[in-house]
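S.K.: attaching a predicted model along with its sequence, questions to come.
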Amino acid sequence: MADLRAIIDSLPSLKTTVEAHRLMAEKALGQNFLLNQDITDKIIRLSLSNQGLENFKGASVFEVGPGPGGLTRAVLKAEPKKLTVIEMDPRCISIMEELKSKTGNIMQIKNGDALQYDFAKESREDVHIVSNLPYNISVPLLVKWLEKIKDYKSLTLMFQKEVADRILAPTRCKDYGRISILAQLQCRITRLFDLSPECFVPAPKVWSSVLLFQPQEKTLSQEQINKLEKLTAQAFSQRRKMIRQSLKSLHGLEAACEAKDIALTSRPEELSPQQFLALSDHL
């Protein structure tokens with residue numbers, strides 16, 4: 001649809017849309033709505049520019065939890081081949097149906113649980129995921145996508161800032177842990193910007209951060225991920241202990257550490273993601 005951007009720009013404001021549909025955020029669904037279209041446009045603009053892209057032409061985009069449709073509108077203006085929105089809240093589904101009626105068959109609407117959805121099965125095009133993630137399922141969803149990251153060109157995701165800090169945390173940092181290791185091994189991660197609570201309705205008690213994930217050139221196999229998850233779970237369950245203690249039940253630990261030049265007196269937060277991977281591959 002050649003005039004898609006003009007159609008989006010002519011729509012009622014997000015605030016007007018929310019009021020018309022009597023859409024109040026549901027705490028049980030982890031909802032905090034972003035009603036400033038300048039901010040949602042900025043998210044997509046910065047995501048594209050950091051990927052060296054001008055738009056989403058020829059690509060399939062999936063959005064989880066579109067809510068009143070701020071990010072949805074921004075994605076549509078970037079002209080994807082197809083946009084699929086996954087939403088559990090029937091009130092938001094009605095907003096999506098209204099938006100689809102104005103923008104044509106470029107949109108597909110799925111009423112369901114994103115944790116159960118197979119994102120890669122429906123498309124052979126480049127696949128991008130965008131989401132102002134529901135706080136209560138942000139990490140499980142990220143892990144789901146990270147495990148199959150080679151299926152995606154990018155993930156543009158909003159988290160609570162404290163979760164984003166954990167994802168980006170370097171070694172020897174209190175925030176460094178299992179999600180830091182998996183995310184950094186699988187992706188190049190860019191913090192696009194932070195948002196204050198006042199940007200949202202209702203305002204949460206915490207700041208938020210938008211992160212861009214792009215797959216590393218070499219990603220992990222499922223077998224490697226399984227080994228890594230087992231190793232890091234055991235190590236960080238006793239994060240203040242030296243690994244010779246926290247990992248003592250692992251057969252061949254001493255030989256593996258010696259082969260990889262890893263001190264048994266190290267604590268988990270002192271090992272880099274690459275060292276954890278090397279250790280898991282050796283065990």
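M.R.: Nice, I can see it.
S.K.: gap between residue 108 and residue 80?
M.R.: According to Cβ to Cβ, to the nearest Å, residue 108 stands 11 Å off from residue 80. Yep, even glycine has a C-beta here, placed from its N, CA and C like the rest.
S.K.: how far away is the residue of the chain most remote from its centre from residue 249?
M.R.: Computed with Cα atoms, centre = their mean, the residue of the chain farthest from its C-alpha average is residue 255, at 36.7 Å. Going from residue 255 to residue 249 by Cβ to Cβ gives 15 Å.
S.K.: pLDDT weak spots in the chain?
M.R.: 1-2, 25, 27-30, 120, 122-124 (pLDDT under 70).
S.K.: pretty sure residue 80 sits against residue 53.
M.R.: No. Judged on Cβ atoms under 8 Å, residue 80 makes no contact with residue 53 at a distance of 11.1 Å.
S.K.: neighbour-wise, which of the two wins?
M.R.: Set side by side, residue 80 and residue 53 show more neighbours around residue 80, with 24 against 16, by other Cβ atoms under 10 Å.
S.K.: list the contacts for the more buried one?
M.R.: 56-57, 59-61, 106, 128 (Cβ atoms under 8 Å, 6 or more residues apart in numbering).
S.K.: could you pull out the helices for this structure?
M.R.: Secondary structure of the chain, counting by DSSP state H: helices at 4-9, 14-20, 37-50, 70-77, 90-103, 138-147, 161-168, 178-186, 222-236, 243-246, 253-259, 273-282.
S.K.: which among those is found nearest to residue 201?
M.R.: Residue 201 lies closest, by Cβ to Cβ, to one member of the helices of the chain: helix 14-20, at 7.6 Å.
S.K.: which other helices and strands contact that closest one?
M.R.: Using 3 or more Cβ pairs under 8 Å, 6 or more residues apart in numbering; DSSP states H and E as the contact test, no helix or strand touches helix 14-20.
S.K.: if we go to 10 Å?
M.R.: Packing partners of helix 14-20 (3 or more Cβ pairs under 10 Å, 6 or more residues apart in numbering; DSSP states H and E): strand 33-34, helix 37-50, helix 70-77, helix 90-103, strand 200-201.
S.K.: any chance of these in JSON lines, with mean neighbour count and distance to residue 245 too?
M.R.: Below are the helices and strands packed on helix 14-20 laid out as JSON lines (neighbours: other Cβ atoms under 10 Å; distance: least, Cβ to Cβ, whole Å):
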{"stretch": "strand 33-34", "mean neighbour count": "20", "distance to residue 245": "45"}
{"stretch": "helix 37-50", "mean neighbour count": "18", "distance to residue 245": "42"}
{"stretch": "helix 70-77", "mean neighbour count": "24", "distance to residue 245": "46"}
{"stretch": "helix 90-103", "mean neighbour count": "17", "distance to residue 245": "49"}
{"stretch": "strand 200-201", "mean neighbour count": "20", "distance to residue 245": "43"}
